Structures are given as C-alpha cells and as structure tokens.
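Chemist: have a look; sequence and predicted model below, questions after that.
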Amino acid sequence: MKNVLVVGIGAGNPEHMTVQAINALNQADVLFIPTKGDAKAQLADIRRDIVSRYVTNPKSRVVEFEVPVRQVADRSYHRSVDDWHAAIASAYERLLIQELAEDRTGAFLVWGDPMLYDSTIRIIERVRALAAVAFDYAVIPGITSIQALAASHRIPLNLVGKPVEITTGRRLMESFPHRNETAVVMLDGEQAFMKIEDPDARIYWGAYLGTDQEIILSGRLADVKDEILKTRAAARAQHGWIMDIYLLQKGADFEE
C-alpha cells in the first residue's frame, strides 16, 4: 500500500520545522510541493528551502504541482470551496497514481499546521473516498501562525482562566467581544476588525509571520486600525499576496 505524510512546516520560517517533521520528510520517497503562480512564488521557495536544508535522503525526489484556482463567480462561499476542494482532490489523486509507486511514501508540505484552518486532511479523505488509489496516511503537526503571532508580539494567547475563540473574518461579529474577550481571527479578506467599535478592544496584528517580510502592529484598536489597513494594503501591493492574522482582546488577567 502507498503511504502519505501530511507534514506541517510552520508559518514561514524554515527554523519552525520540528524534529518530527524533518524526520518525516526524510522518510519520503516523493516530496510534493504546490505552486500557486508567480504572485505567490515565495511560498514554494520556502518549501524548496526547507527541502534543501533538511532532507538528506538521497533517494527522495521533488514533484511540483500547480494548485487549482478557486472559482468564486456565481457561486456561494460553500459551493466555491467545495468545488475547489474537489479540484484539488483530483490533482492529489493524479499525483498519487502517477508519481508514487506501490509501497512508497509521499509527503505533502503543508503551511502552518494541517489541523488548523487548512483543508489538506479533508482533501486527502476525499481522495480516499474516490477509491482510485489505495493508501494510508499520517499527520505531523507544525508551528501555527497563532503561535508565531503571539511569539512575535511577546504576549500570552489567553487571559488568565478565560477562553480563546479561533474564528474567521466572516464570523467575527458573532463572537467578539460579547461572547469571548479574546478572539484569534484567520482568513480575513475583508478586514472585519474595522467593524469592531468597542473602545476597550486591543489588536495584535501580524503579516508574513516568520518570513523576512514579517510586519507586526499592535495597540488599542481604535487608535491603530487605520494604520493596519493602510499597511496591509501597501504590503499586498508590494508583494502581490498577503497572509495575515490578528488577535483581538479586551479585559485583563484576574478580572472577573
């Protein structure tokens, strides 16, 4: 049977790699590296750098593949994501059939952690359900952008004894600050923090975490949100892409 490793590689810094992840990559006969066009070439370059730094298995080889583009026109959000995942599953299926021999191991290098707002595991399960190729798989965790954000800002993620909610920009207004006093916001293409009007809210924002382009800003939300919006727009224009995350918080430790 073929084997697949889903390997979390961290949030952008090659030194985020864990020993377990390095060992997993060295077990692989084939290393699959996704490409997403010229605008996001750096994402593939970091994966190539990781392979160059840490993979010492002389029998391994790299196979690069183009990730299908998500189509959003005339589709609901859920429909567009579902269709996109189906297209990626078809690409994965072809890779496993054409590039991975029987009883061999292939590894997918996944940004951050495969269990947190990443769909590689879901897509791998889709491929298994198609039943065109038999394989088993294992998942290796990685450093998340949440950990990288808190480390760069030198803050604990939670207030003492209080919960943290991890959500998306689309769902932010449902939770912060009336449901939870700490919210980590991922996948926010609409900059939902601009709609939060709580005068006591604080924000810890970061983009390109772990890379040479890392940017972090923090402060009282009302004071810095315009600066974050302007900085984000300028960075995206400069690099052609952006990956950012932020933590919103109000209240204090030991406050009932």
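Modeler: Ah, there it is.

Chemist: check the offset of the longest helix seen in the chain from the chain's centre.
Modeler: Among the elements of type helix in the chain, defined by DSSP state H, the one spanning the most residues is helix 77-98. Averaging C-alpha positions (C-alpha atoms, centre = their mean, to the nearest Å) puts helix 77-98 17 Å from its chain's average.

Chemist: tell me which residues in the helix or strand harbouring Ala222 are buried?
Modeler: Following DSSP states H and E, the helix or strand that holds Ala222 is helix 221-239. Along helix 221-239, these residues count as buried under the neighbour rule (16 or more other C-beta atoms under 10 Å): Leu221, Val224, Lys225, Ile228, Thr231, Arg232, Ala235, His239. All C-beta atoms are positioned from the backbone trio N, CA, C, and that covers glycine.

Chemist: go on, stretch 2-17?
Modeler: Using 16+ other C-beta under 10 Å as the burial criterion, the residues of stretch 2-17 that qualify are 2-14, 16-17.

Chemist: by pLDDT, give me the weakest of these.
Modeler: Across the buried residues of stretch 2-17, the member with the lowest pLDDT is Gly12, scoring 88.

Chemist: what distance do you get for that residue to Ala134?
Modeler: 34 Å (C-beta to C-beta, to the nearest Å).

Chemist: and if you look at Arg122?
Modeler: Noted for Arg122: a distance of 19 Å to Ala134, by C-beta to C-beta.

Chemist: of the two, who's got more company?
Modeler: Neighbours around Arg122 and Ala134, counted as other C-beta atoms under 10 Å, are more numerous at Arg122. The numbers are 13 against 10.

Chemist: what strand or helix carries that one?
Modeler: Arg122 is part of helix 120-130 when elements are defined by DSSP H and E.

Chemist: ok, then the element right after that helix?
Modeler: strand 135-140.

Chemist: so what strands line up beside that next one?
Modeler: In the sheet, strand 135-140 lines up against strand 2-8 (parallel) (DSSP bridges).

Chemist: for the strand it pairs with, list the C-alpha coordinates in CSV.
Modeler: Once non-C-alpha atoms are left out, strand 2-8 reads as follows in CSV (Å, rounded to 0.1, in the frame of the first residue of the first chain):
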residue,chain,number,x,y,z
LYS,A,2,1.1,3.5,-0.6
ASN,A,3,1.8,5.9,2.3
VAL,A,4,1.2,9.6,2.6
LEU,A,5,2.6,12.0,5.1
VAL,A,6,0.8,15.4,5.7
VAL,A,7,3.6,17.5,7.2
GLY,A,8,3.1,20.8,8.9
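
Chemist: ok so, going back, next, format the buried residues of helix 221-239 as CSV and append pLDDT and distance to Arg53.
Modeler: Formatted as CSV, the entries for these read as follows, by pLDDT from 0 to 100; distance: C-beta to C-beta, whole Å:
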residue, pLDDT, distance to Arg53
Leu221, 98, 38
Val224, 98, 36
Lys225, 98, 38
Ile228, 98, 33
Thr231, 98, 30
Arg232, 97, 30
Ala235, 96, 26
His239, 90, 23
